[in-house]
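Student: Here is a sequence with its predicted model. Questions after.
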Amino acid sequence: KEFSGPFSLSRRLKGLPPISVKALNHVTLDVKRGETLGIVGESGCGKSTLARCMVRLYEPDGGAVRFEGKDISTLKGPERRAFNRRVQMIFQDPYGSLNPRMTVAQILGEALSVHRMRPKTEIPARIAELIELVRLPEDAAHRRPHEFSGGQRQRIGIARALAVEPEVIVADELVSALDVSVQAQVVNLLLQLQEKLKLTVVFVAHDLRLVRHISHRVAVMYLGQVMEIATAEALFTAPRHPYSKALLDAAPDLDPENRSRAVAATGEIPSPMNVPPGCPFASRCPYVFDRCRTERPLLTPRGTGQYAACHLTDFGAAEPPVPASTET
Ligand code: SF4
Ligand code: MG
């Protein structure tokens, strides 16, 4: 998929006057069939907006999201319905996205009938199959969402997405609302399902530890832009962008030996309504220099499959460069 160009977020839905925010800017990335692409960044970096653009919940006002080469905003009729079935989103909040009045069987049955996945007579068997697939208790079918734990509710959400046999799952903060121990179970389930069903997964999260565990490749976002894309291995062992490095160094489970070399991002995050003209990270980057404030760095290759948007093209290549003086 590719997405580029300015994107304005309308506040019309909330009844607010239409100001525009560039929630995403010059984002270009692709998702390969069968991979898990992690998208990480601090809150407000545009990762959820990007996820929503991918499933056409938001329409960008510039650029395009392409699925199998086709701009998804141009899909109509059967093609659009096929897209809506093949690409499924799972939301962060299982409480809000499941109808409390419906039983699990009704929730799954509804998904199956909207997309006419099965003849009526086969629906109960398919529901039992889905319940088993996500490892919910056998008697789950006739219970309602409030009778389940948070982790189980997220499993219901996964089953509902899988009911229509999608090829792509976009999961936005899938487990952020869950306890750490439950997070691992749900993430492992997703990993197993991804392999078993040959799913392509876009995994949006702010938790680096989870993203590393689950992703083949990772895109790091900051202020609506992609700062770095790399394999999970490359990103976590040799980040090539100062922001990725700062994000990793700030992660609590960092090996203490590396801490002495830590890059700390200081300074304010600029408002998304007032993104600076040069590098979006310039106000917090310890390596900032003149060019960074005027010229926006583009994503350029840094060796096999790794891309970074930074004017310091050898950042992270060998020894980290010496930070510029502590000016901000
Ligand atoms: Fe830092 Fe400049 Fe690179 Fe931006 S372009 S990350 S400000 S060194
Ligand atoms: Mg979000």
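Tutor: Cool, the structure landed. Numbers count the residues shown, from 1 in each chain. Ligands and ions are numbered 1, 2, ... in the order given.
Student: who in the stretch 201-328 of the chain is up against ligand 1?
Tutor: Residues of the stretch 201-328 of the chain that fall close to ligand 1, judged by CB under 6 Å from any ligand atom: 242-243, 279, 281-282, 285, 287-288, 292, 297, 310-312. Every C-beta, even on glycine, is put in place using the N, C-alpha and C of the backbone.
Student: Now with 5 Å, please.
Tutor: 242, 279, 281-282, 285, 287-288, 292, 297, 310-312 (CB under 5 Å from any ligand atom).
Student: Out of those residues, which is nearest to Arg101?
Tutor: Nearest to Arg101 out of those is Phe281 (CB to CB; 46.6 Å).
Student: which residues touch Glu132?
Tutor: Glu138 (CB atoms under 8 Å, 6 or more residues apart in numbering).
Student: how much space between it and Pro119?
Tutor: 20 Å (CB to CB, to the nearest Å).
Student: Equivalent analysis for Gly96, please.
Tutor: On the measure of CB to CB, Gly96 and Pro119 end up 32 Å apart.
Student: what's the answer for Leu299, then?
Tutor: Here Leu299 is placed at a distance of 48 Å from Pro119 (CB to CB).
Student: which of those two has more neighbours?
Tutor: In this view Leu299 and Pro119 are compared by other CB atoms under 10 Å, and Leu299 has more residues nearby, 20 against 7.
Student: May I ask you to confirm that the more buried one is in contact with Gln306?
Tutor: No. No contact is recorded between Leu299 and Gln306 when judged using CB atoms under 8 Å, the distance being 10.1 Å.
Student: quick one: common contacting residues for the two?
Tutor: Residues touching both Leu299 and Gln306 (CB under 8 Å, 6+ apart) are 228-229.
Student: Sketch out the strands for the chain, chain order is fine.
Tutor: 36-40, 66-67, 70-71, 87-90, 168-172, 200-205, 217-222, 225-231, 300-301, 307-308 (DSSP state E).
Student: Strand partners (parallel or antiparallel) of the fourth one?
Tutor: Sheet pairing of strand 87-90 (DSSP bridges) gives strand 168-172 (parallel).
Student: got the angle between the strand it pairs with and strand 36-40?
Tutor: Comparing the axes of strand 168-172 and strand 36-40 via axes from the mean of the first three to the mean of the last three CA atoms, to 10 degrees yields an angle of 20 degrees.
Student: Put the alpha carbons of strand 168-172 into PDB.
Tutor: The C-alpha atoms that make up strand 168-172 are tabulated as PDB, following Å, rounded to 0.1, in the frame of the first residue of the first chain:
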ATOM      1  CA  VAL A 168      -5.400  -8.800   5.800                       C
ATOM      2  CA  ILE A 169      -5.900  -7.900   9.500                       C
ATOM      3  CA  VAL A 170      -5.300  -4.400  10.700                       C
ATOM      4  CA  ALA A 171      -5.000  -4.500  14.500                       C
ATOM      5  CA  ASP A 172      -4.900  -1.100  16.200                       C
END
